[in-house]
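> I need the structure of the sequence given here:
(chains A and B)
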Amino acid sequence: MHIIKLVFKNTFRHKLRTSLTILGVVIVILAFGLLRTVVSAWYAGVESSSASRLVTRNSISLVFPLPISYKNKIRQIHGVKFVSYGNWFGGNYIDEKNFFANFAVEPASYLELYPEYILPSNQKDAFLRDRKAAIAGQKLATKYGWRIGDAITLKGTIFPGNWEFVLRGIYRGKDKGTDETQFFFHWNYLNETLKKTMPLRADQPGFYLVGVSNTNLAEEVAVALDKTFKNSLAETLTETEKAFQLSFVSMSEAIVVAIQLVSFVVIIVIMAVLANTMAMTARERIGEYAVLKTLGFGGWYIAALIFGESLFIAMIGCIIGIAFTFPIAKVFGDTMGTYFPVFNVTMKTIYLDAGVSLFVGAVAAVIPTWRAIKIRIADGLRRIG
Amino acid sequence: MEYKTPLVEIKNLYKSYRRGSQIIPVLENITFDIEDGEFLALMGPSGSGKSTLLNLIAGIDTFDSGTIKVGGVDIAALFETELARWRSTNVGFIFQFYNLIPVLTAFGNVELPLLLTRLSRKERREHVETALRIVKLADRMSHYPGQLSGGQQQRVAIARAVVADPTIIVADEPTGDLDRISAKEVLELMGRLNVEFGKTIIMVTHDPHAAEKARTIKHLEKGILNAHNQTRL
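Here you go, the predicted structure:
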């Protein structure tokens, strides 16, 4: 108890120095937390993917479509429970700045495959009934102030023209990890329009989504599916939804690595700052440590004083840093919503913050403690006066 | 005639410092005893080795050869942790610059040596209050060192030195940083500890007035104990 009191009092002997060091830790924890959250956001699609869903695309590239005739063949494969399909639409709302993910999907099967998109039954019915209907995620609807019944026009980039929709539903995510910034409409609406305007591009989904009856069958189904279309004009590549999402993330892996690197560099910086503070502190108090040793206190007591102070400073900074991370991440997430649909500070990030703070606090105290313990009492006492 | 074993026995003590390749002797062939209940003043010019000798007796420095026994214990034979424990129970320290912990109150500073004992919190409190009463600072126990005068701080240091009831008290220039009146008070207090409480005191000083309070004075010059010891009754 006594040592805790002494650690607490020692910590605030140099208020300015301690405050500046704590501020440094706060900034680093904030930066580290945000950078880790960016990395988590990058992998959000991977994290939220289901093991029971497979994605089938053209084996040459995602750019090349597949025939609609594959739908029934896929359904006949053993272990397949649901089949849905769709196209990346790539439309803009009003202008290019308003970009968000928008897909043309087969609505009934798609909603069955994605139970994490929660849509009230009346809205679901309305969406399924109307071929020009669309649904949007809650975050997207809030961002643009959309309400049920609003007419929304998207400018097609892959499929040129102005495409008009009526918003029939606003879905919510089952949990925080669900993307609420997407926009879905009927694939038939796209297809029927293409039949009139660009018939060569009609009846060709960009991808199939396959739900398997048992997750253990996923690999078997994927192999069987690709085998079915082997040596056809459009061979397929089927992978789990997770692997499919990871293939997207891997395209930008260099950025993720750079972000992770920066997050570790800031830790090294604060470690140096805290170690400097602790070195100054220990040097100033070397006489006091000598007095304590003279009175009979062992090296463990001196070590506890220095380690305690270092960890205390690091943990104060950590707590304040974590407290600030949430509101700042909220602002950051709202601003960057288009790029990071799911931007949540996870518990893993908080644990990492705490772990990093403990590590920094402990490492920063090692050399000052070693010096304080090793100095001879007589030499320590000479530093006084 | 009753033979009394001395409290401190020093035999053929030799201590040197190394400066590069040069070996500088600090203490040479020191041999003398200190009786239990003695008040000894070690005098000598700066650099004569008196503080070094005091540190060696108190077990906070090491020597090259010879022996020091305190209460029959050969302190050179103790390991560092044993020596620390031995110091905490046998030696009380008074320093020139008081060496109080600035973030602790007078009470907290005096309590420090007792934290290494098995005393309960209540017992520690009683001991600290007694020690502060002896040095006439019972009313200042919640004051921090910065709120006390130099003389008062040194009295707190004396309370800290006696609170664990050590066998010997070592004092290194205890009046060196005090004005005349405060110095007189501190010396009177040390005299009381010696006479009323029977504490053995070894004091380093180069102030002849301070040395007069002692019962025995020994002179050191260039690390050698001067042959003519002044002993007063």
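
> Count the neighbours of the closest residue to chain A within chain B for me.
Closest residue of chain B to chain A, Cβ to the nearest Cβ: B:Ser88 (2.6 Å). Just so you know, the C-beta spots here come from the backbone N, C-alpha and C atoms, and that holds for glycine as well. Residues within reach of B:Ser88, counting by other Cβ atoms under 10 Å in any protein chain shown, total 22.

> Mind telling me what element it is part of?
Using DSSP states H and E, B:Ser88 falls within helix B:80-90.

> Beyond that helix, next helix or strand please.
Next along from helix B:80-90, by DSSP H and E: strand B:91-94.

> need the next SSE after that next one, C-terminal direction.
According to DSSP H and E, the helix or strand after strand B:91-94 is helix B:106-111.

> Tell me which residues are up against the helix holding B:Ser88.
With contact meaning Cβ atoms under 8 Å, 6 or more residues apart in numbering or on different chains, helix B:80-90 is reached by A:293-298, B:58-60, B:70-71, B:73, B:75, B:78, B:113, B:116-117, B:164, B:166-168.

> which ones are touching the residue in the stretch 251-385 of chain A positioned nearest to chain B?
Of all residues in the stretch 251-385 of chain A, A:Gly296 sits closest to chain B, at 2.6 Å by Cβ to the nearest Cβ. The contact partners of A:Gly296, by Cβ under 8 Å, 6+ apart, come to B:Ala84, B:Arg85, B:Arg87, B:Ser88, B:Thr89, B:Pro113, B:Leu116.

> Check B:Phe39 too.
B:Met190, B:Gly191, B:Asn194, B:Thr200, B:Ile201, B:Met203, B:Lys213, B:Ala214, B:Arg215, B:Thr216.

> Show me which of those residues are buried.
By neighbour count, with 16 or more other Cβ atoms under 10 Å in any protein chain shown, the contacts of B:Phe39 hold B:Met190, B:Asn194, B:Thr200, B:Ile201, B:Met203, B:Lys213, B:Ala214, B:Arg215, B:Thr216 as buried.

> Can I take it that the fifth one is in a strand?
In other words, B:Met203. Yes. Counting by DSSP: H, G, I helix; E, B strand; the rest coil, B:Met203 is found in a strand.

> Could you give the bridge partners of it?
B:Ala41, B:Ala171 (DSSP bridges).

> ok so, going back, take the contacts of helix B:80-90 and keep only those in strands.
B:Val70, B:Val73, B:Ile168 (DSSP state E).

> which residues touch the closest residue to the last one other than its chain neighbours?
In this structure, B:Ile168 finds its nearest non-sequential neighbour in B:Thr200, 4.4 Å apart by Cβ to Cβ, 6 or more residues apart in numbering or on different chains. Neighbour list for B:Thr200: B:Leu7, B:Val8, B:Ile34, B:Glu35, B:Asp36, B:Gly37, B:Glu38, B:Phe39, B:Thr167, B:Ile168, B:Ile169, B:Asn194 [criterion: Cβ under 8 Å, 6+ apart].

> correct me, but A:Arg201 touches A:Lys195?
No. The pair A:Arg201 and A:Lys195 does not pass the contact test of Cβ atoms under 8 Å, sitting 9.1 Å apart.

> Identify the residue spatially nearest to B:Ile24, adjacent ones excluded.
Distances taken as Cβ to Cβ, 6+ apart place B:Tyr17 nearest to B:Ile24, at 4.9 Å, with adjacent residues excluded.

> buried stuff in the helix or strand hosting A:Leu30?
Using DSSP H and E, A:Leu30 maps to helix A:15-42. By 16+ other Cβ under 10 Å, the buried positions in helix A:15-42 come out as A:18, A:21-22, A:24-42.

> and what of stretch B:198-214?
For stretch B:198-214, using 16+ other Cβ under 10 Å, the buried residues are B:199-207, B:210-211, B:213-214.

> Let me see the domain layout of chain A.
With automatic domain parsing as the criterion, the domains of chain A are listed as A:2-44+A:253-382, A:60-234.

> Can I get those domains in TSV including distance to B:Glu123 and mean pLDDT?
Listed next are those as TSV, based on distance: least, Cβ to Cβ, whole Å; pLDDT from 0 to 100:
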stretch	distance to B:Glu123	mean pLDDT
domain A:2-44+A:253-382	15	92
domain A:60-234	56	94
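
> can you confirm B:Leu27 is in a helix?
No. Assessed with three-state DSSP, B:Leu27 is strand; it does not lie in a helix.

> show me what contacts it?
B:Leu27 neighbours (Cβ under 8 Å, 6+ apart): B:Leu13, B:Tyr14, B:Lys15, B:Gly49, B:Thr52, B:Leu53, B:Leu56, B:Phe63, B:Gly223.

> related to what we said a few turns ago, with respect to A:Ile320, which of the buried ones among the contacts of B:Phe39 is nearest?
For the buried ones among the contacts of B:Phe39, the closest approach to A:Ile320 (Cβ to Cβ) belongs to B:Met190, at 50.1 Å.
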